[in-house]
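Novice: Dropping a prediction and its sequence here:
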Amino acid sequence: MKEDYSTLTPKSRKSYSSDPGEILRYISDKIIADELKSINKKNNFERYGKSKEYIEIGIKERLSALRDFSIRNRVITEVENVKRSELLSYVYGYTEASDRRLVIGIVDNEFKEEQLEHIGYIDAIDPNIEFEKLPNTIKENIHYLTGYKQGLEEIQKEHKHK
């Protein structure tokens, strides 16, 4: 029988018998658990970074619908020596975490209609936001969609004039 090691946390050594097979199993379980912990830590770093402060900055900037779309430049202007972990945190906050915050705001009626339209408008012209990846609550909000449509129309106008 193949074991699922994805949630393995070895018990204390005392819970294993003194049988050499049990000792070997404990050592094996501990090695696997430690490797998975290391892999999960690396994966979490790659997705979230390490800075709660920069996650919050990313959320705030997305939901305030600023027009500056160069995420890297925006972070670098705030901190001269931006670390990779801070940039990852900012990007996560600006994209995924702000999506969740926006969904909560829509469900709880925390945003005014004009705010949702403005966020939708900026999201449409912001290359960092992918409409297809947005949660359905956002994609189905009439005020967000109104702004999003206006943003797409502006993009089309700009392309016609080039």
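Specialist: Yep, that arrived.
Novice: can we go C-alpha only for contacts and neighbour counts from here?
Specialist: Fine.
Novice: from the chain's centre, how far out does the helix ranked longest in the chain sit?
Specialist: Longest helix in the chain by number of residues (criterion: DSSP state H): helix 20-48. Computed by C-alpha atoms, centre = their mean, to the nearest Å, the chain-centroid distance of helix 20-48 equals 25 Å.
Novice: same thing with stretch 139-151?
Specialist: With C-alpha atoms, centre = their mean, you get 22 Å for stretch 139-151.
Novice: Extract the C-alpha trace of whichever helix or strand comes after the longest helix of the chain and format it as CSV.
Specialist: Proceeding N to C from helix 20-48, the next assigned helix or strand is helix 52-63, under DSSP states H and E. Below are the C-alpha coordinates for helix 52-63, written out as CSV (Å, rounded to 0.1, in the frame of the first residue of the first chain):
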residue,chain,number,x,y,z
LYS,A,52,3.1,41.0,4.9
GLU,A,53,3.7,44.7,4.6
TYR,A,54,4.3,44.4,0.8
ILE,A,55,1.2,42.1,0.4
GLU,A,56,-0.9,44.9,2.0
ILE,A,57,0.7,47.5,-0.2
GLY,A,58,-0.2,45.5,-3.2
ILE,A,59,-3.8,45.0,-2.1
LYS,A,60,-4.1,48.7,-1.3
GLU,A,61,-2.7,49.9,-4.6
ARG,A,62,-4.9,47.5,-6.7
LEU,A,63,-8.1,48.4,-4.9
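Novice: Give me the buried stretch members for helix 52-63, please.
Specialist: Tyr54, Ile55, Glu56, Ile57, Gly58, Ile59, Lys60, Glu61, Arg62, Leu63 (16 or more other C-alpha atoms under 10 Å).
Novice: Which neighbouring elements make contact with it?
Specialist: Counting contacts by 3 or more C-alpha pairs under 8 Å, 6 or more residues apart in numbering; DSSP states H and E, helix 52-63 packs against helix 84-92, helix 98-107.
Novice: What are the buried residues along the last one?
Specialist: Judged by neighbour count (16+ other C-alpha under 10 Å), helix 98-107 contains these buried residues: Ser98, Asp99, Arg100, Leu102, Val103, Ile106.
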